[in-house]
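**Student:** My questions concern the predicted model and sequence given below.
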Amino acid sequence: MIRDITIGQYYPADSILHQLDPRVKLFATLVYIITIFVASTFVQYALITLFVFMLIRLSQVPFKFMVKGIKPILFVIIFAFLMNIFFTRGTPIFSVWRISIAKEGIEMAFLMAARLILLIIGTSLLTLTSSPIRLTDGLEKAFSPLKKIGFPAHELAMMMTIALRFIPTLLEETDKIMKAQQARGADFESGNIFRRAKSLIPLLVPLFIAAFKRADELANAMEARGYRGGEGRTKLNPLIYQRRDYIAYGLILLFPLLIFGIGKLL
Amino acid sequence: MITFDHVSFRYDPDQPLVLTDISLQIERGDFVALIGHNGSGKSTLAKLINALLIPTEGDIHVLGYSTKEEADVWAIRQHAGMIFQNPDNQIVASIVEEDVAFGPENLGLETSLIRERVDRALDGVNMREFVTRPPHMLSGGQKQRIAIAGVLAMKPDIIIFDEATSMLDPSGRQEVMDILKELNAQGITIVLITHFMEEALQADYVYVMDQGRIALSGSPLEIFDRQEELTAMNLEVPEILVLTEYLKQHGVPLEPVFEQADLVRQLCQLK
């Protein structure tokens, strides 16, 4: 059923990672991404991998949820892997006809693949352990200093909240319109790609009209409930840093030092 | 509490008037129903009350505030809550408690106060157990109850139901009507806009709208006594009234009734 689609990929559990303030996790993700891109030796990658596995254990999220994230970009990983193998110059160790494979190429290919996989797994930990609401709240707070230079932090967060709220509603509506059109003989499944794209028109037009109508009514309802932008608004569940969040910030800053420090020693 | 003083309204300067010369007065604690067929202007009238629309001519005062005064608009919206027709299109957040908190958050209340209001509002509509549910998993009647809770959390004096039951199934409609009557008993002024005559029967006072004017007004008894006029305005008279009227014309002495049980009692007591 189209109704069962989960939004984002939040995995509800009660781990220390789930309890952390979303801003901490956003910062951690940023540091993590930078570390991955700066890291360049196998030892460093091994350390990062070890570290990520520790976090996954801590998060109580089953490992298969991480792998799920990799599937859609498997093609990109393989492509990058092959490109690096064939197109990196260096000392050849193997050559057939005009294709030669260099030692550096193989190294590079593995590093690249490791980099991409670690990137996906690490960042999906963020969305797996933070509910969409907490994440939007975190983003709003994290970007709110930029409000001074006109960055619409609250507006963007509100848009995300509304989008999250209406994804299931619109999916349900799509389902309904599709069935209504199929009942009148519309065919969404056969024909080549152009015909199929064209057959989507009777689906998209009513969907868009309905969505605009919804937006209009929602705007009315929001105004009727006293909404007038982010200024002076308070929160039911405000983000407040706990002791564990400060400790986490410290550990996050230690992380790159540790990776590069140990990496150098070995 | 709510006064309309010769109010006219049009959406666009080159369009005809949607409402013409409306004057009415609603007192504190009243339960008023506004009925009329589609396009009679009843929903427009609702939106005028809490300043979503501003009258083209005439003045509207809500609790002494004029809806034309921009500075007072937010006070009006806090005191006069509104429930709309489509339950889906008035729920903002993807968690029930977050949605109920939306109004108080806009008022800038303290976190602890918001929590208290959310809990009390959800108790008021018997939806406490759904606190952390996503609204799209709820039934239409339940969604509409959440919307009512969202308005209750603003501590309103007036609640306007703008065809709030028209998209619900009979049981959902009953849920909403029960809560509505309970709120009225607690002293909240209710303005019920509807095209279900059965719902209007439960009000203290009824206004019948036709072509942007108030065609009839009075107690439900007075209104529904004028069956021919109502039919002329494309309004369906509740079956129970049609039946009583028919019996009366055929010589059965009956007092006017709204409830089936009352009619049965009267019929059984005939000699």
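**Tutor:** Sure thing, it's come through.
**Student:** residues contacting residue B:111?
**Tutor:** A:234-238 (C-beta atoms under 8 Å, 6 or more residues apart in numbering or on different chains). All C-beta spots, glycine's among them, are computed from the backbone N, C-alpha and C.
**Student:** tell me the phi and psi of the residue in the stretch 1-150 of chain A positioned nearest to chain B?
**Tutor:** Nearest residue of the stretch 1-150 of chain A to chain B: residue A:133, at 6.2 Å (C-beta to the nearest C-beta). Dihedral pair for residue A:133: phi -60, psi -50, per degrees, to the nearest 10.
**Student:** Would you confirm that it contacts residue B:92?
**Tutor:** No. The criterion here is C-beta atoms under 8 Å, and residue A:133 misses it with residue B:92 at 11.7 Å.
**Student:** can you tell me which residues contact the residue of the stretch 1-150 of chain A closest to chain B?
**Tutor:** By C-beta under 8 Å, 6+ apart, the neighbours of residue A:133 are A:161, A:164, B:93-95, B:98.
**Student:** hey, what's in contact with both of residue A:133 and residue B:92?
**Tutor:** Common contact partners of residue A:133 and residue B:92 (C-beta under 8 Å, 6+ apart): residue A:161.
**Student:** need the next SSE after the helix or strand harbouring residue B:123, C-terminal direction.
**Tutor:** Secondary structure assigned from DSSP states H and E places residue B:123 in helix B:111-124. The helix or strand immediately downstream of helix B:111-124 is helix B:140-152, counting by DSSP H and E.
**Student:** just to revisit the earlier point, quick one: which of the contacts of residue A:133 is nearest to residue A:259?
**Tutor:** residue A:164 (34.4 Å; C-beta to C-beta).
**Student:** tell me the phi and psi of that closest one?
**Tutor:** Residue torsions, per degrees, to the nearest 10, at residue A:164 are phi -60, psi -40.
**Student:** count of residues packed around it?
**Tutor:** 20 (other C-beta atoms under 10 Å in any protein chain shown).
**Student:** Which residues are in contact with residue A:26?
**Tutor:** Per C-beta under 8 Å, 6+ apart, neighbours of residue A:26: A:126, A:138-139, A:142.
**Student:** quick one, helices of chain B?
**Tutor:** Assigned by DSSP state H, chain B shows helices spanning B:42-49, B:73-79, B:96-100, B:102-107, B:111-124, B:140-152, B:170-185, B:197-201, B:220-224, B:227-232, B:239-249, B:260-268.
**Student:** Who are the packing partners of the third one?
**Tutor:** Think helix B:96-100. When contacts are defined as 3 or more C-beta pairs under 8 Å, 6 or more residues apart in numbering or on different chains; DSSP states H and E, helix B:96-100 sits against helix B:111-124, helix B:140-152.
**Student:** tally of neighbours for the closest residue to residue B:2 other than its chain neighbours?
**Tutor:** Counting by C-beta to C-beta, 6 or more residues apart in numbering or on different chains, residue B:2 lies nearest to residue B:26, which is 4.2 Å off, once chain neighbours are set aside. Counted with other C-beta under 10 Å, residues neighbouring residue B:26 total 20.
**Student:** where along the stretch 1-150 of chain A do the strands fall?
**Tutor:** With strands called from DSSP state E, counting those that start in this stretch, the stretch 1-150 of chain A shows them at A:92-96, A:99-102.
**Student:** Each with direction, which strands does the first one pair with?
**Tutor:** Partner strands for strand A:92-96, per DSSP bridges, with pairing direction: strand A:99-102 (antiparallel).
**Student:** isn't residue B:177 right up against residue B:200?
**Tutor:** No. The pair residue B:177 / residue B:200 is not scored as a contact, 11.1 Å apart, by C-beta under 8 Å.
**Student:** Between the two, tell me which one has more neighbours.
**Tutor:** residue B:200 (24 against 20).
**Student:** Excluding chain neighbours, what is closest to the more buried one?
**Tutor:** residue B:33 (3.9 Å).
**Student:** Can you tell me which residues in chain A are near chain B?
**Tutor:** Applying C-beta under 8 Å from any C-beta of the partner chain, one finds that chain A approaches chain B through A:7, A:132-133, A:161-162, A:164-165, A:168-169, A:172, A:213-214, A:217-218, A:220-228, A:232-238.
**Student:** CA atoms only for the helix holding residue B:123, dumped as PDB, please.
**Tutor:** The C-alpha coordinates for helix B:111-124 follow below in PDB (Å, rounded to 0.1, in the frame of the first residue of the first chain):
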ATOM      1  CA  THR B 111       7.100  26.000  26.700                       C
ATOM      2  CA  SER B 112       5.500  24.800  30.000                       C
ATOM      3  CA  LEU B 113       2.400  26.800  29.300                       C
ATOM      4  CA  ILE B 114       2.100  25.400  25.800                       C
ATOM      5  CA  ARG B 115       2.400  21.800  27.100                       C
ATOM      6  CA  GLU B 116      -0.400  22.500  29.600                       C
ATOM      7  CA  ARG B 117      -2.700  23.900  27.000                       C
ATOM      8  CA  VAL B 118      -2.000  21.100  24.500                       C
ATOM      9  CA  ASP B 119      -2.800  18.500  27.100                       C
ATOM     10  CA  ARG B 120      -5.900  20.300  28.200                       C
ATOM     11  CA  ALA B 121      -7.100  20.800  24.600                       C
ATOM     12  CA  LEU B 122      -6.600  17.200  23.700                       C
ATOM     13  CA  ASP B 123      -8.500  16.100  26.800                       C
ATOM     14  CA  GLY B 124     -11.300  18.500  25.700                       C
END
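**Student:** Please identify the buried residues of it?
**Tutor:** Across helix B:111-124, burial judged by 16 or more other C-beta atoms under 10 Å in any protein chain shown covers B:111, B:114-115, B:117-119, B:121-122, B:124.
**Student:** any idea of the pLDDT on the residue nearest to residue B:200?
**Tutor:** pLDDT for residue B:33: 93.
**Student:** Tell me how many other residues surround it.
**Tutor:** 25.
**Student:** from the middle of its chain, how far away would the helix or strand bottoming out on mean pLDDT in chain A be?
**Tutor:** Among the helices and strands of chain A, strand A:92-96 carries the lowest confidence by mean pLDDT, DSSP states H and E, at a mean of 73. Distance of strand A:92-96 from the chain centroid (C-alpha atoms, centre = their mean, to the nearest Å) equals 39 Å.
**Student:** try stretch B:182-193
**Tutor:** The chain centre lies 9 Å from the centre of stretch B:182-193; the measure is C-alpha atoms, centre = their mean.
**Student:** The spatially most central residue of chain B: what's it in contact with?
**Tutor:** Of all residues in chain B, the one closest to the mean position by C-alpha atoms, centre = their mean is residue B:192, 1.9 Å from it. Contacts for residue B:192 (C-beta under 8 Å, 6+ apart) come out as B:31-34, B:161, B:180, B:199-200, B:203.
**Student:** Likewise for residue B:58?
**Tutor:** Per C-beta under 8 Å, 6+ apart, neighbours of residue B:58: B:4-8, B:21-23.
**Student:** Separate out the buried members of those.
**Tutor:** B:4, B:7, B:22.
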